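J.: take this sequence and fold it.
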Amino acid sequence: MSDGAIEQYNGAASDLVTTKTNVVNQMTPILQISPDRGNAIRILNTVARGQSIGVPVYMKLKDANGDDLPVDTSLQWEFSPSNSDQRYKISRRLSNIAQYNNNTIAQQTDVDRIDTFKQVLTEPEFRGSSPVDFFQWTDIEDVYVSIKSSAQIDHSESKFEVEPSAVEGPFTRGV
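T.: You can find the predicted model right below:
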(Lines give C-alpha, C1' and ligand atoms only; values in the text may rest on other atoms or scores of the structure.)
Protein backbone atom coordinates (compact mmCIF):
# COMPACT_ATOMS: atom_id res chain seq x y z
CA MET A 1 0.00 0.00 0.00
CA SER A 2 1.11 3.54 -0.64
CA ASP A 3 2.55 5.76 2.05
CA GLY A 4 -0.04 8.42 1.22
CA ALA A 5 2.45 11.05 0.08
CA ILE A 6 1.78 13.09 -3.04
CA GLU A 7 5.25 14.11 -4.09
CA GLN A 8 7.87 13.97 -6.80
CA TYR A 9 11.51 14.87 -6.14
CA ASN A 10 14.15 14.93 -8.86
CA GLY A 11 12.63 12.07 -10.84
CA ALA A 12 11.53 9.84 -7.94
CA ALA A 13 7.78 9.82 -7.26
CA SER A 14 5.70 8.45 -4.39
CA ASP A 15 3.54 5.36 -4.97
CA LEU A 16 0.46 7.47 -5.75
CA VAL A 17 2.13 9.63 -8.40
CA THR A 18 2.98 8.97 -12.05
CA THR A 19 5.01 11.65 -13.81
CA LYS A 20 4.09 12.85 -17.31
CA THR A 21 5.72 15.25 -19.74
CA ASN A 22 3.62 18.21 -20.80
CA VAL A 23 2.93 19.19 -24.39
CA VAL A 24 4.35 22.68 -24.96
CA ASN A 25 1.73 25.48 -25.05
CA GLN A 26 -1.17 23.14 -24.20
CA MET A 27 -2.77 22.46 -20.80
CA THR A 28 -1.53 18.91 -20.24
CA PRO A 29 -0.77 16.75 -17.20
CA ILE A 30 2.61 16.63 -15.50
CA LEU A 31 1.43 14.42 -12.63
CA GLN A 32 -1.24 11.73 -12.38
CA ILE A 33 -2.39 10.87 -8.84
CA SER A 34 -4.06 7.49 -8.48
CA PRO A 35 -4.87 5.43 -5.38
CA ASP A 36 -4.13 1.70 -5.38
CA ARG A 37 -6.89 -0.76 -6.24
CA GLY A 38 -9.76 -0.69 -3.72
CA ASN A 39 -8.61 2.60 -2.16
CA ALA A 40 -9.54 6.27 -2.10
CA ILE A 41 -7.64 9.47 -1.31
CA ARG A 42 -8.80 12.80 0.05
CA ILE A 43 -7.03 16.15 -0.21
CA LEU A 44 -8.19 18.70 2.35
CA ASN A 45 -8.75 22.25 1.16
CA THR A 46 -8.30 23.59 4.69
CA VAL A 47 -5.30 22.70 6.86
CA ALA A 48 -4.09 23.95 10.22
CA ARG A 49 -1.42 26.07 8.55
CA GLY A 50 -2.09 29.65 7.50
CA GLN A 51 -5.41 31.46 7.37
CA SER A 52 -6.70 31.06 3.79
CA ILE A 53 -8.57 28.21 2.16
CA GLY A 54 -6.52 26.00 -0.14
CA VAL A 55 -4.09 23.12 -0.11
CA PRO A 56 -0.43 24.07 0.39
CA VAL A 57 1.67 22.96 -2.57
CA TYR A 58 5.45 23.31 -2.66
CA MET A 59 7.19 23.11 -6.01
CA LYS A 60 10.13 23.98 -8.18
CA LEU A 61 9.38 23.19 -11.82
CA LYS A 62 12.44 23.05 -14.06
CA ASP A 63 13.27 22.37 -17.69
CA ALA A 64 16.01 20.09 -19.06
CA ASN A 65 18.62 22.85 -18.61
CA GLY A 66 17.79 23.13 -14.90
CA ASP A 67 16.13 26.52 -15.44
CA ASP A 68 12.81 27.44 -13.85
CA LEU A 69 9.82 27.00 -16.14
CA PRO A 70 8.73 30.40 -17.47
CA VAL A 71 6.87 32.66 -15.05
CA ASP A 72 3.81 32.71 -17.33
CA THR A 73 3.37 28.93 -16.89
CA SER A 74 -0.20 28.31 -15.69
CA LEU A 75 -1.23 25.38 -13.50
CA GLN A 76 -4.48 23.68 -12.57
CA TRP A 77 -5.75 20.48 -10.97
CA GLU A 78 -7.98 18.22 -13.08
CA PHE A 79 -10.24 15.23 -12.46
CA SER A 80 -11.08 12.34 -14.77
CA PRO A 81 -14.20 10.44 -13.66
CA SER A 82 -14.46 6.68 -14.14
CA ASN A 83 -15.29 5.57 -17.69
CA SER A 84 -14.16 8.91 -19.14
CA ASP A 85 -11.14 10.19 -21.02
CA GLN A 86 -12.15 13.79 -20.25
CA ARG A 87 -10.33 15.89 -17.66
CA TYR A 88 -12.31 18.53 -15.76
CA LYS A 89 -10.77 21.43 -13.87
CA ILE A 90 -11.06 21.06 -10.06
CA SER A 91 -9.07 24.09 -8.90
CA ARG A 92 -8.72 27.76 -9.46
CA ARG A 93 -6.20 28.22 -12.25
CA LEU A 94 -2.85 29.57 -11.14
CA SER A 95 -2.09 32.03 -13.97
CA ASN A 96 1.65 32.19 -13.32
CA ILE A 97 4.22 30.49 -11.11
CA ALA A 98 6.30 33.55 -10.16
CA GLN A 99 5.84 32.99 -6.41
CA TYR A 100 7.25 29.47 -6.79
CA ASN A 101 10.16 30.58 -8.98
CA ASN A 102 11.06 33.38 -6.55
CA ASN A 103 11.03 31.28 -3.35
CA THR A 104 12.89 28.18 -2.23
CA ILE A 105 10.97 25.13 -1.02
CA ALA A 106 12.01 26.07 2.56
CA GLN A 107 10.53 29.56 2.07
CA GLN A 108 7.34 28.05 0.61
CA THR A 109 6.81 25.88 3.71
CA ASP A 110 7.30 28.79 6.15
CA VAL A 111 4.08 29.06 8.18
CA ASP A 112 4.10 32.86 7.92
CA ARG A 113 4.08 32.65 4.11
CA ILE A 114 2.10 29.45 3.56
CA ASP A 115 -1.07 31.16 2.27
CA THR A 116 0.87 32.40 -0.77
CA PHE A 117 1.46 28.78 -1.80
CA LYS A 118 -2.06 27.41 -1.44
CA GLN A 119 -4.05 26.20 -4.41
CA VAL A 120 -7.84 26.24 -4.01
CA LEU A 121 -9.61 23.01 -4.91
CA THR A 122 -13.15 23.25 -6.30
CA GLU A 123 -16.03 21.11 -7.46
CA PRO A 124 -15.47 19.82 -11.00
CA GLU A 125 -16.26 22.54 -13.52
CA PHE A 126 -19.37 20.64 -14.69
CA ARG A 127 -20.76 21.04 -11.14
CA GLY A 128 -20.11 24.77 -10.80
CA SER A 129 -16.48 25.14 -9.62
CA SER A 130 -17.30 26.30 -6.07
CA PRO A 131 -14.55 25.75 -3.46
CA VAL A 132 -14.90 22.48 -1.52
CA ASP A 133 -13.83 21.35 1.95
CA PHE A 134 -11.97 18.44 0.37
CA PHE A 135 -11.66 16.56 -2.90
CA GLN A 136 -11.88 12.77 -2.78
CA TRP A 137 -11.45 10.18 -5.51
CA THR A 138 -11.12 6.42 -5.84
CA ASP A 139 -8.96 3.92 -7.69
CA ILE A 140 -11.26 4.04 -10.73
CA GLU A 141 -10.77 7.81 -11.10
CA ASP A 142 -7.70 9.99 -11.60
CA VAL A 143 -6.57 13.43 -10.52
CA TYR A 144 -3.96 15.34 -12.52
CA VAL A 145 -1.78 18.38 -12.02
CA SER A 146 -1.59 20.06 -15.43
CA ILE A 147 0.37 22.99 -16.78
CA LYS A 148 0.43 25.18 -19.86
CA SER A 149 3.98 26.30 -20.53
CA SER A 150 6.26 27.28 -23.38
CA ALA A 151 8.82 24.78 -22.02
CA GLN A 152 8.70 21.08 -21.15
CA ILE A 153 9.14 19.98 -17.58
CA ASP A 154 12.12 17.80 -16.69
CA HIS A 155 11.08 15.73 -13.68
CA SER A 156 14.69 14.80 -12.91
CA GLU A 157 15.26 18.50 -12.12
CA SER A 158 11.85 19.30 -10.55
CA LYS A 159 10.15 19.01 -7.17
CA PHE A 160 6.46 18.92 -6.28
CA GLU A 161 4.82 18.15 -2.93
CA VAL A 162 1.35 18.48 -1.44
CA GLU A 163 1.49 19.42 2.25
CA PRO A 164 1.35 16.02 4.02
CA SER A 165 -1.23 17.20 6.58
CA ALA A 166 -3.61 17.92 3.67
CA VAL A 167 -3.61 14.30 2.44
CA GLU A 168 -5.87 11.66 3.98
CA GLY A 169 -5.50 8.06 2.89
CA PRO A 170 -5.23 5.95 1.11
CA PHE A 171 -8.15 4.25 2.80
CA THR A 172 -10.50 1.49 1.71
CA ARG A 173 -13.15 2.90 -0.57
CA GLY A 174 -16.84 2.21 -0.11
CA VAL A 175 -18.35 -0.07 -2.72
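J.: return the distance of the residue nearest the centre of the chain relative to residue 22.
T.: Nearest to the geometric centre of the chain sits residue 145, at 4.5 Å (Cα atoms, centre = their mean). Separation of residue 145 from residue 22 (Cβ to Cβ, to the nearest Å): 10 Å. (C-beta placed from N, C-alpha, C; glycine too.)
J.: and residue 51, by the same measure?
T.: 32 Å.
J.: same question for residue 14.
T.: Separation of residue 14 from residue 22 (Cβ to Cβ): 20 Å.
J.: isn't residue 146 up against residue 80?
T.: No: look at residue 146 against residue 80 with Cβ atoms under 8 Å: they stay out of range, at 10.9 Å.
J.: shared neighbours, the two?
T.: Common contact partners of residue 146 and residue 80 (Cβ atoms under 8 Å, 6 or more residues apart in numbering): residue 87.
J.: re the thing from before, and residue 14 and residue 22? which has more neighbours close in?
T.: Neighbours per residue (other Cβ atoms under 10 Å) separate residue 14 from residue 22, with residue 22 holding more: 20 against 17.
J.: one step back: confirm that the residue nearest to the centre of the chain sits in a strand.
T.: Yes: Residue 145 forms part of a strand when assessed by DSSP: H, G, I helix; E, B strand; the rest coil.
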